[in-house]
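Trainee: Sequence and computational prediction follow.
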Amino acid sequence: MIGPMKAAALFALMLLAACTTAPRNHMTKTSHGQTPDGQTVDLYTITNSAGASVSISTYGATVVSLKVKDRAGNFGDVVLGFDNLAGYLGEHPYFGATIGRYGNRIAKGKFSLNGKEYTLAINNGPNALHGGLKGFSRQVWQAKEIGDDALELTYLSADGEEGYPGKLTATVRYTLTAANELRIDYTATTDADTVINLTNHSYFNLGGLDNNLTHQLEIHADRFTPVDAGLIPTGELLPVKGTPFDFTTPHAVGERIDAADEQIKRGGGYDHNFVFTKHDGQLNLVARVSEPKSGRVMEVLTTEPGVQFYTGNFLDGKLTGKGGRMIGRRAALCLETQHFPDSPNQPQFPSTVLKAGETRKSTTVYRFGVK
């Protein structure tokens, strides 16, 4: 038998060993390369106590990888992207990027505010898309580690950048929680009235397959915003009931993606803004995606009034992604939480105006599990 003092010492050593070896959140920082003009780009990886991880580049405040478990307990990357910075520096459809100042389209690259018309950079036919020719997705953001589970990135957008008024400070905080949630908190302030619509443009594939058509999707939206031939909202809010846009109950993404529907034809599939049935500015569960083979489930929660559901219809196989794999048409899906497209020209839509001295905040959470 051992004495009480030796037993106490042994217990203390065992407790110390357990505390030392128990999994916990941690963050690492590595080089992600340099931009052509010599700016240093860093890559931060946050790993939680369950082993899930997210890697974020300071270039575009971009989600480069997001690894979560499948039904068998194996980790896999569920977002599209590239193996190195060179891919993100080239032309690509905003893989994982933070979008600003204005996510989605503004018709003819023009809007009026306080009686003055502003002309934006045109980069999508006759329209402005996702912030313009460069936008927030092609800027190097300043990073700050917040504890061991959060990364805060800040970008200062000059007055007149891409045609937008006001000097604007945008902050994006990524947090990877112990509950396998990637939480994204957006904050913006401006010194002059402007418009803003921040979002993240990650392309999700929960199964690592060549397309996303087997994914089961549910969106808590009873209306959507139909678009014209240029994918600009007509201003209507149409009911989803009785249409291929009804995801109020789960449907496979590919079930109606090529339906004989004028809106489906215009988008080449789904590329539309869905209007949430419930929007009170609180963090609400708005969508759920599951992939039958892997068993992975992703739930989307947001404070925003809408989401752009996009099925990668314009991906064309010309890009080579991670591991040298070709990125084919409809290889993944996007759920871009947002205010509505072209809101600066559609006064009946929720306002995207940010007034001087005010602060705009929003939050989106992507929560992962298995079934």
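Mentor: Arrived safely, thanks for sending. Numbering: from 1, shown residues only.
Trainee: where does this protein have its least confident helix or strand?
Mentor: Here the helix or strand of the chain ranked lowest by mean pLDDT, DSSP states H and E is helix 4-21, holding a mean of 47.
Trainee: Can you show me the helices along the stretch 51-200 of the chain?
Mentor: 85-89 (DSSP state H, counting those that start in this stretch).
Trainee: what's the answer for the stretch 201-350 of the chain, then?
Mentor: So, for the stretch 201-350 of the chain - with DSSP H, counting those that start in this stretch - the helices run 262-267.
Trainee: And the strands in it?
Mentor: 216-219, 221-225, 238-239, 251-252, 271-276, 284-290, 296-302, 306-310, 319-320, 326-327, 334-338 (DSSP state E, counting those that start in this stretch).
Trainee: out of those, nearest to H201?
Mentor: Ranking those by proximity to H201 (Cβ to Cβ) places strand 334-338 first, at 5.9 Å. C-betas here are computed from N, CA, C, even on glycine.
Trainee: Quick one: list the elements packing against that closest one.
Mentor: Using 3 or more Cβ pairs under 8 Å, 6 or more residues apart in numbering; DSSP states H and E as the contact test, the elements touching strand 334-338 are strand 199-200, strand 284-290, strand 296-302, strand 306-310.
Trainee: can you list the ones you listed in TSV and add mean neighbour count and distance to R325?
Mentor: Below are the helices and strands packed on strand 334-338 laid out as TSV (neighbours: other Cβ atoms under 10 Å; distance: least, Cβ to Cβ, whole Å):
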stretch	mean neighbour count	distance to R325
strand 199-200	27	22
strand 284-290	20	21
strand 296-302	21	19
strand 306-310	24	20
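Trainee: can you list those strands in CSV and add mean pLDDT and distance to A179?
Mentor: Output for the helices and strands packed on strand 334-338, formatted as CSV (pLDDT from 0 to 100; distance: least, Cβ to Cβ, whole Å):
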stretch, mean pLDDT, distance to A179
strand 199-200, 98, 19
strand 284-290, 98, 14
strand 296-302, 98, 11
strand 306-310, 98, 21
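Trainee: what's around T187, how many residues?
Mentor: 17 (other Cβ atoms under 10 Å).
Trainee: which residue packs closest to it, ignoring adjacent ones?
Mentor: Nearest non-adjacent residue to T187, counting by Cβ to Cβ, 6 or more residues apart in numbering: T171, 4.4 Å away.
Trainee: H272 now?
Mentor: F224 (5.3 Å).
Trainee: Make sure the one you found is actually in contact with D246.
Mentor: No: applying Cβ atoms under 8 Å, one finds F224 not in contact with D246, separated by 9.4 Å.
Trainee: which neighbours do these two share?
Mentor: V240 (Cβ atoms under 8 Å, 6 or more residues apart in numbering).
Trainee: So these two - more neighbours on which side?
Mentor: F224 (26 against 16).
Trainee: what pairs with the more buried one across the strands?
Mentor: Under DSSP bridges, the beta-bridge partners of F224 are L238, F274.
Trainee: Which pLDDT value goes with the nearest residue to I196 once chain neighbours are set aside?
Mentor: Among residues not flanking I196 along the chain, L354 sits closest, at 4.9 Å (Cβ to Cβ, 6+ apart). L354 is assigned 98 on the pLDDT scale.
Trainee: State the number of residues packed around L354.
Mentor: 21.
Trainee: how near is it to S343?
Mentor: For L354, the distance to S343 (Cβ to Cβ, to the nearest Å) stands at 12 Å.
Trainee: Quickly list what's touching both of the two.
Mentor: V195.
Trainee: so who does Q139 touch?
Mentor: Per Cβ under 8 Å, 6+ apart, neighbours of Q139: Y59, G60, Y155.
Trainee: thought R256 was touching F247?
Mentor: No: with contacts counted by Cβ under 8 Å, R256 stays clear of F247, the gap being 9.7 Å.
Trainee: So for the two, which sits in the more crowded spot?
Mentor: Between R256 and F247, counted using other Cβ under 10 Å, the more crowded position is F247 (22 against 18).
Trainee: Wait, L182 touches L176, no?
Mentor: Yes: if you go by Cβ under 8 Å, L182 and L176 touch, sitting 5.9 Å apart.
Trainee: Now list whatever residues contact both of those two.
Mentor: With Cβ under 8 Å, 6+ apart as the test, L182 and L176 both reach V54.
Trainee: now for the top strand by length along the chain, which elements pack on it?
Mentor: Scanning the chain for the strand with the most residues, using DSSP state E, yields strand 359-370. Helices and strands touching strand 359-370, by 3+ Cβ pairs under 8 Å, 6+ apart, are strand 62-69, strand 181-190, strand 296-302.
Trainee: I'd like those strands as CSV, with distance to Y270 appended.
Mentor: As requested, the helices and strands packed on strand 359-370 are arranged in CSV below (distance: least, Cβ to Cβ, whole Å):
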stretch, distance to Y270
strand 62-69, 21
strand 181-190, 22
strand 296-302, 15
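Trainee: Does V78 touch F204 like I think?
Mentor: Yes: the pair V78 / F204 is scored as a contact, 5.7 Å apart, by Cβ under 8 Å.
Trainee: and those two? which has more neighbours close in?
Mentor: Using other Cβ under 10 Å, the more surrounded residue of V78 and F204 is V78, with 25 against 20.
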